[in-house]
Every structure is written in structure tokens, then in C-alpha cells.
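> Can you look at this prediction? I've put the sequence above it.
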Amino acid sequence: MKLKTPNIKYVEWRSPEELHEASLNWISALKFVKYEQHFLDELIENYTLQLISGKTFDKSKKVIHELSQKRKTIDPLLKKIINHHNELTIILDGIDQPTEEKKYKEVYRKLLAELNEYSNTYKEVKKKIFELVKSIIKKDKQKRLLN
């Protein structure tokens, strides 16, 4: 399922305070995703033997690779957002700088699109991991019931 990137032309009407708040929310969300990725790593570690055995090996390998790619891209994205947030002073300084403000808002739009794309693909990877682990847990329960 491919999710659409929202139309983000409304940035022109956002106040500096709203832009500040949105940037802080992005940073918080990405830090949570990093924490969540540690949880997923531990989950994968706990079910490693089941993930590498049998029919699930190829699928597991692909999903784990996707998670690894997401882990590699989160730090650069987080750094971009933090740097962008630090540049908010261009808008807050009270000096009328239309070209710099326009550039700031353009970068904001691009970051919003990049964050949405990251979030959508990360959710898909997370869903695949949970489905894999869920199927493994079901198989283990069935084995225990038969014994």
C-alpha cells in the first residue's frame, strides 16, 4: 500500500511558534522511533533461531535488512531536523528577510515530505516484523499444544 505525501502548501501561514512546535514534535517522534528500533532489535534477537530456520529465512532476511536501512537513515534525518530547528532564528529575529524566510519554509516543506516518507516506510517494516514474530509465536503455541 503506497501512501500519498500530503499537500504541504500551508507552511506559508504557520507562525514561527507553530513551526517551532512542529520541529520539536518531529525531533521527539524520531527519538521515539530510535528507541522503538532498539525494541525491535531485541525482539529479533529473541526469535533469531526461529527467524533463520525453515520457510521464514528469506522473508526474515529481507525485513531485517529493511530495518537496518531505516536505522542507518534515521540519524542523518534527525540531524537535518535539529539543524533546521536551530535555524528558526531567521524567522524569529524580527528582521524582515523574505528570501531567507522563504528558503527556510521551502526546506521545512522538504523535511516534512522526507519525514512522512520515512514514517510511512518505517511503519511498513515494523508491521512486517510483527507479522513474522506473530507467526513464529503461533507455531510455537501449536507445537506446545501437540506435545
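All right, it came through fine. Numbers count the residues shown, from 1 in each chain.
> what is the rounded mean pLDDT of the helix or strand hosting residue 112?
Counting by DSSP states H and E, the element that carries residue 112 is helix 98-146. Per-residue pLDDT over helix 98-146 has a mean of 89.
> And for stretch 39-59?
Average pLDDT, stretch 39-59: 87.
> With stretch 83-90 instead?
86.
> Can I get that stretch as PDB, trimmed to CA atoms?
Extracted C-alpha coordinates of stretch 83-90, given in PDB (Å, rounded to 0.1, in the frame of the first residue of the first chain):
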ATOM      1  CA  ASN A  83      19.900  21.900  12.300                       C
ATOM      2  CA  HIS A  84      16.700  23.200  10.600                       C
ATOM      3  CA  HIS A  85      15.200  23.800  14.000                       C
ATOM      4  CA  ASN A  86      18.200  25.800  15.100                       C
ATOM      5  CA  GLU A  87      17.900  28.000  12.000                       C
ATOM      6  CA  LEU A  88      14.400  29.100  13.100                       C
ATOM      7  CA  THR A  89      16.000  32.200  14.400                       C
ATOM      8  CA  ILE A  90      15.800  33.600  10.900                       C
END
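> And the contacts of it?
Residues from elsewhere that reach stretch 83-90 (C-beta atoms under 8 Å, 6 or more residues apart in numbering): 16, 19-20, 23-24, 27, 97, 100-101, 104, 107-108, 111. Every C-beta, even on glycine, is put in place using the N, C-alpha and C of the backbone.
> Derive a PyMOL selection command for the buried subset of those.
Only the buried entries of these go into this PyMOL selection, using 16 or more other C-beta atoms under 10 Å:
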select buried, resi 19+23+104+108+111
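> Distance to residue 48 added to the contacts of stretch 83-90, as a markdown table?
A markdown table is the format used below for the contacts of stretch 83-90 (distance: C-beta to C-beta, whole Å):
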| residue | distance to residue 48 |
| --- | --- |
| 16 | 48 |
| 19 | 43 |
| 20 | 43 |
| 23 | 38 |
| 24 | 37 |
| 27 | 32 |
| 97 | 54 |
| 100 | 51 |
| 101 | 51 |
| 104 | 45 |
| 107 | 41 |
| 108 | 41 |
| 111 | 36 |
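> Show me the two of the contacts of stretch 83-90 that sit farthest apart.
Greatest spatial distance in the contacts of stretch 83-90: 27 and 97, 24.3 Å, computed using C-beta to C-beta.
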